[in-house]
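*Asks:* Build the 3D model from these lines:
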Amino acid sequence: MYWADKIAEEIIKRNPEKEEYVCAAGISPSGSIHIGNFRDIATSYFVVRALQKKGRKAKLLFSWDNFDRFRKVPANVAAVVGKNAYDKYIGMPYVDIPDPFGVEKNYAEHFQKEFLNSFKAFGIEMCFRSQADEYRGGKYAEQIVFALRHRKEIFSVLDKHRTQDSTEEEKENYYPVNIYCPHCGRDTTKVVSLSEDCTKAHFTCECGYEGDFDFTKDFNCKLPWKVDWPMRWMHEGVDFEPGGKDHASKNGSYDTAKDVSKGIFGYRAPLFQGYEFIGIKGNINVGKMSGSSGLNMTPEFLLKLYQPEVILWLYSKTEPLKAFDFCLSDEILRQYFEFDKCYTAYKNGTANETVARIMENCEVAGRKIDTVPMTQLVELGSVVDFNPDLMEALFTKIGTPYKKEEFAERFAIARFWLKTCAPENEYIINSKRNWKYYRDLDESERAEIKMLHDYLSKGGYTLDSVRDELYAIPKRVFPDAAEDMDRLKGLQSAFFRHVYNLMISRDKGPRLYLYLFAVEAQRYLKLFDFSLPESEDPDAAEEVVAEEEKCESVEEKYVQAPSPVKPQIQLDDFAKLDLRVCKVLSCKAMRKANKLYKIVVHDGMGERTIVSSLADDYTPDELVGRQIVVLVNLAPHKFANEMSEGMLLAAVNEDGTSKVLTAEGAEIGSDVH
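*Replies:* Below you'll find the predicted structure:
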């Protein structure tokens, strides 16, 4: 049985007569909300749909925990406002902090809207609650007074889940409420006395302020998390709520809140489902996704790589306690292939019950999915320079006549993935004959290339005949290998490798028969034609001249007087420099700063911004995708109102031009010694 159906059955079993079931989810807008948080929403959403499929009324109640205290300044915020500029707001509720980007009313609203703008793509209906509005509107006033009247009982419940012994003094001085100071706005207050009816308190604050608080009239206060959570279960009638596996651990948040809910508020805790964290797999390190770790992939970014239906499919098909990865590597192509296979079976009515249930949850109202193979869009897109008209003509030629409106969305995704995550997978046809590679071929291998050139020159071939010819050529050149399959396979593989190198200067590439058939022959035929002597080929002559100029240029620069050697340092001095290999994710010109680029890199732990004056030396496209060396522990500095979090390494020539130090092939985040 599908996992969400099992949970729905258990919910109904616990309370079979309830008119409407409530499945809850919530997020604290502490910074840019990552796609890992989406598992909270998706898990509840799929359970709501399972309940509705069983004929029950159910809703998804989503809380913005925007009345929580500000605990830590995220890296992207510090990069904008300065390293310590927002430390003064720590302890204040998110709704009382200015928007660091100067766009929305407050900090919470900025990150809420950032998330919701991309969240619309999933078509999920939810009932939203702002906890700041609920608290400050007095909705929980009675529950707060109730909690204060039962403060010692609450302390005893909490104490059962602690590892350290408590004292009677701690119990006597425990007050389950955090008052936000009217003077400094923070929760650095302490209740020093409470009226007999528990409606009024006298408090002091670390800022020096002290005053009285009437819980029946003053609402700028909040219950602590492990009391707030069960109180809201009761207040909102929650039947189901998921949470990260850390909440589900023994004596964790749920265990504690469950006992508070039953023992203090008299409400049976909702059914709880823990879930595993989401990972990122690809050109950056795999790890738990979170704002604090730096692996903060937002839905906005992810929707440039995955269609919303594919994202929903990954969550829907994976049971909550199993982890899965979003892929920046070419494994993303496998994920699209599997999605298309399941979706086609679902639409054809051939999918089994579980697959059908999974795919039902992936459909977004008002959208149509065209399962145009993502692999082909990636492999052939660069051939046509991602021109949709040329791509449409190419699809027609290879017998899969997809229209550009059918593949437009995936075409943009394929282009973004190639340019951003896998530039090394972009296939660009050589403009000149690769004489350097051809010289190393023996006579038999050269004969294979000539046979291929002669065959393609005649034209009139089909997709199948090209495929057959590619496998047949090595058999003709090496007839004695026909009886030895292992040797024949090796010869065929070598032949394919030679063709790839002469055509795109790579050992591997897209399916060769498809590539040769799809691409106009005049674009590559010359690359297989070595009938004229190398000395008579203008391309070869240009190559020799270029090599000579390169040598002369190097020699000329070498003999110029270098700058004096700086004073000697010790190994300990060098060890203070934290040099790492980083991948360039994006590069944009900065406004009002003609020579500056804002470069976003990934250092293996997270993203960081580098401001550098490279506009005269590189275009943005020439930098994106490169692996460069960055000094990551350099103190941040502001350039043109942009905070730079490090410095890339580059060599400066006599003429003032710069050459960035690269480390292609090294692992992202690796140290440079």
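
*Asks:* Surely Ile449 is in a helix?
*Replies:* Yes - Ile449: assigned to a helix according to DSSP: H, G, I helix; E, B strand; the rest coil.

*Asks:* any idea how far it is from Pro401?
*Replies:* 32 Å (C-beta to C-beta, to the nearest Å). For glycine as for every other residue, the C-beta is placed from the backbone atoms N, C-alpha and C.

*Asks:* Can you report how many residues lie near the residue lying closest to Asn178 once chain neighbours are set aside?
*Replies:* For Asn178, ignoring the flanking residues on the chain, the nearest one in space by C-beta to C-beta, 6 or more residues apart in numbering is Asp187 at 4.5 Å. Applying other C-beta atoms under 10 Å, we find 23 residues neighbouring Asp187.

*Asks:* For the stretch 51-200 of the chain, which segments are assigned as strands?
*Replies:* 57-64, 127-130, 178-179, 189-194, 200-205 (DSSP state E, counting those that start in this stretch).

*Asks:* Now distance to Leu390, mean pLDDT and mean neighbour count too, for those strands, in a markdown table please.
*Replies:* A markdown table is the format used below for the strands of the stretch 51-200 of the chain (distance: least, C-beta to C-beta, whole Å; pLDDT from 0 to 100; neighbours: other C-beta atoms under 10 Å):
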| stretch | distance to Leu390 | mean pLDDT | mean neighbour count |
| --- | --- | --- | --- |
| strand 57-64 | 44 | 98 | 20 |
| strand 127-130 | 45 | 96 | 15 |
| strand 178-179 | 62 | 98 | 22 |
| strand 189-194 | 66 | 97 | 17 |
| strand 200-205 | 67 | 98 | 18 |
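
*Asks:* I'd like those strands written out as JSON lines, with distance to Lys88 added.
*Replies:* What follows is the strands of the stretch 51-200 of the chain, written out as JSON lines (distance: least, C-beta to C-beta, whole Å):
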{"stretch": "strand 57-64", "distance to Lys88": "23"}
{"stretch": "strand 127-130", "distance to Lys88": "24"}
{"stretch": "strand 178-179", "distance to Lys88": "18"}
{"stretch": "strand 189-194", "distance to Lys88": "17"}
{"stretch": "strand 200-205", "distance to Lys88": "15"}
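
*Asks:* And the ones you listed: which comes nearest Cys582?
*Replies:* Ranking the strands of the stretch 51-200 of the chain by their distance to Cys582 (criterion: C-beta to C-beta) puts strand 57-64 first, at 34.0 Å.

*Asks:* What are the contacting residues of that closest one?
*Replies:* 19-27, 29, 41, 44-45, 47-48, 51-52, 108, 112, 124-132, 232, 236, 238 (C-beta atoms under 8 Å, 6 or more residues apart in numbering).

*Asks:* And these, which of them are buried?
*Replies:* 21-27, 29, 41, 44-45, 47-48, 51, 108, 112, 124, 126, 129-132, 232, 236, 238 (16 or more other C-beta atoms under 10 Å).

*Asks:* Can you name the element that comes right after the longest strand along the chain?
*Replies:* In the chain, with assignment by DSSP state E, the single longest strand is strand 579-590. Downstream of strand 579-590, the next assigned helix or strand under DSSP states H and E is strand 593-602.

*Asks:* Give the rounded mean pLDDT of that following strand.
*Replies:* On average, the pLDDT along strand 593-602 is 82.

*Asks:* tilt between it and strand 579-590?
*Replies:* 140 degrees (axes from the mean of the first three to the mean of the last three C-alpha atoms, to 10 degrees).

*Asks:* Give me the sheet partners of the next helix or strand after strand 593-602 and which way each runs.
*Replies:* Next helix or strand after strand 593-602 toward the C-terminus (DSSP H and E): strand 607-612. Strand 607-612 has the following sheet partners, assigned by DSSP bridges: strand 593-602 (antiparallel).

*Asks:* which residues touch the strand it pairs with?
*Replies:* Residues from elsewhere that reach strand 593-602 (C-beta under 8 Å, 6+ apart): 283-284, 582-590, 607-616, 618, 620, 623, 628, 630, 639-640, 642, 648, 668-669.
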